[in-house]
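Asks: Coordinates only, no sequence provided:
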């Protein structure tokens with residue numbers, strides 16, 4: 001802090017702080033003419049210098065002017081109260097231009113540690129600044145300690161900096177089996193399904209992936225995501241020099257990563273691992289459930305469809321029972337989690353989706369397995385009826401209210417167009433009895449529009465009428481509903 005009275009502090013330091021924050025070089029220059037000692041002095045309680053404030057605020061022009069005009073007297077290595085240099089703060093803020101200006105002046109800043117003894121590279125990864133991290137890694141790689149390398153690697157994965165993570169893996173293969181809080185990199189990636197959508201795809205593509213029919217088209221039209229490339233490289237390194245028992249120990253602790261991926265619907269992750277190691281198809285959790293059981297429980301159709309690619313093994317999977325005596329048919333009969341149920345909005349549509357899942361699995365099951373009972377002496381049909389009783393009622397209520405609303409609107413439209421049909425615009429000719437405007441194109445268009453409106457509204461009433469009656473709704477639903 002500048003020496004002198006508190007009044008002097010407010011007069012100089014506060015003005016300098018706000019000038020640096022807003023990037024006002026003229027004000028900074030004028031103050032420094034009268035108070036040159038303020039250049040490297042702390043101007044805030046955080047022990048910030050002018051350069052700290054400007055770097056954090058991404059004021060590239062001010063930083064450039066200060067460095068160029070005062071390069072003989074300015075100290076770029078001063079630290080604030082937390083131990084951060086202006087360069088470290090610029091990295092944390094993602095201020096690319098400021099970083100280049102400072103690094104050009106002093107290249108050692110890229111490897112100068114900041115607060116908590118952290119390297120700028122780690123801070124770039126921590127705050128998710130991919131381009132900055134990529135530029136700093138070659139400068140920092142040689143001085144990374146083992147623990148720092150591991151931290152940086154996992155931070156890259158947590159924050160989606162997969163290109164840098166891949167570079168680090170190629171430089172140090174042991175990162176493939178390194179652990180952070182007990183988890184390997186594959187364990188972390190298993191639970192990040194959206195990161196496996198290619199970076200070339202925007203929000204629309206991510207939205208379309210919720211529709212099964214669009215996923216195949218999207219998958220064919222885009223390159224592999226960097227996350228998927230990283231997974232394949234990690235898996236390649238793990239398989240290279242390790243025995244089957246070592247591989248299984250790695251993928252089973254602290255959780256079974258393949259089953260984690262199945263739970264969240266990470267299809268690409270599962271395919272990448274299984275393609276190189278088919279025995280993973282038989283991985284089970286503590287309840288003896290495979291990836292296909294987990295996929296059915298969580299309604300992940302993409303993963304479940306892999307069962308068609310395993311040949312005759314699928315008959316064994318279908319007959320497989322968990323610790324409670326449930327086969328896949330019993331599991332699909334249960335309601336999924338609220339999160340998975342709400343993928344489709346509206347109780348009626350949710351019920352429809354549940355029925356489709358149940359019927360599709362039923363078709364695939366061997367007839368001898370459809371009536372099998374679990375340890376509670378319940379068949380899949382009985383479980384479905386019990387589990388979906390409330391959803392059925394909610395669906396009926398939702399459809400009834402929707403149908404009634406639509407019927408009212410359709411009836412109002414029908415009433416209006418019916419009245420208009422007998423109220424001829426302009427009246428009729430007293431001699432011929434025909435409408436006066438009958439030869440005008442506008443009248444012809446009006447008549448056709450009125451007729452179409454009448455037909456459409458009447459059809460809507462006939463279509464929505466059955467849904468507005470609870471008895472009819474039960475007939476519609478129970479036509480597909482399994483007999484308990």
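Replies: Okay, I see it. Please read all numbers here as calculations on a predicted model, not as lab measurements.
Asks: going forward, measure contacts and count neighbours with C-alpha atoms only.
Replies: Will do.
Asks: The residue nearest the centre of the chain and residue 184: what is the separation?
Replies: A centroid search over the chain (C-alpha atoms, centre = their mean) returns residue 194, at 4.5 Å, as the residue closest to the centre. Going from residue 194 to residue 184 by C-alpha to C-alpha, to the nearest Å gives 19 Å.
Asks: next one: residue 134
Replies: 22 Å.
Asks: Neighbour count: the two, which is higher?
Replies: Under the criterion of other C-alpha atoms under 10 Å, the comparison of residue 134 against residue 184 puts residue 184 first, with 21 against 18.
Asks: and the more buried one, what pLDDT?
Replies: Residue-level confidence at residue 184 comes out at 97, pLDDT.
Asks: Pretty sure it sits against residue 174.
Replies: No. Using C-alpha atoms under 8 Å, residue 184 is not in contact with residue 174; the gap is 11.0 Å.
Asks: Give me the domain ranges for the protein.
Replies: As assigned by the TED database, the chain contains the domains 6-143, 398-479.
Asks: Please work out which of those is packed deepest.
Replies: domain 6-143 (a mean of 19; mean count of other C-alpha atoms under 10 Å).
Asks: and it, how far out from the chain's middle?
Replies: Between the centre of domain 6-143 and the centre of its chain there are 35 Å (C-alpha atoms, centre = their mean, to the nearest Å).
Asks: and what of stretch 391-398?
Replies: Chain-centre distance of stretch 391-398: 30 Å, with C-alpha atoms, centre = their mean.
Asks: again with stretch 406-413
Replies: Stretch 406-413 has its C-alpha centroid displaced from the chain centroid by 40 Å (C-alpha atoms, centre = their mean).
Asks: pLDDT (mean, whole number) over that stretch?
Replies: The average pLDDT within stretch 406-413 is 86.
Asks: per-residue confidence for residue 218?
Replies: Looking at residue 218, its pLDDT reads 49.
Asks: now residue 57
Replies: With respect to pLDDT, residue 57 scores 97.
Asks: need the strands for the protein, in chain order.
Replies: Shown for the chain, no strands are assigned by DSSP state E.
Asks: give me the low-pLDDT residue ranges for it?
Replies: Applying pLDDT under 70 to the chain flags residues 1-6, 198-223, 421-422, 424-438, 467-484.
Asks: Distance of residue 453 relative to residue 445?
Replies: Residue 453 sits 12 Å away from residue 445, going by C-alpha to C-alpha.
Asks: picking that back up, so for residue 234, which of the domains of the chain sits nearest?
Replies: The closest of the domains of the chain to residue 234 is domain 6-143. By C-alpha to C-alpha, the value is 19.5 Å.
Asks: can I assume residue 134 is in contact with residue 164?
Replies: Yes. Using C-alpha under 8 Å, residue 134 is in contact with residue 164, at 6.1 Å.
Asks: Not counting sequence-adjacent ones, nearest residue to residue 166?
Replies: residue 230 (5.7 Å; C-alpha to C-alpha, 6 or more residues apart in numbering).
Asks: which residues touch the one you found?
Replies: Neighbouring residues of residue 230 by C-alpha atoms under 8 Å, 6 or more residues apart in numbering: 162, 165-166.
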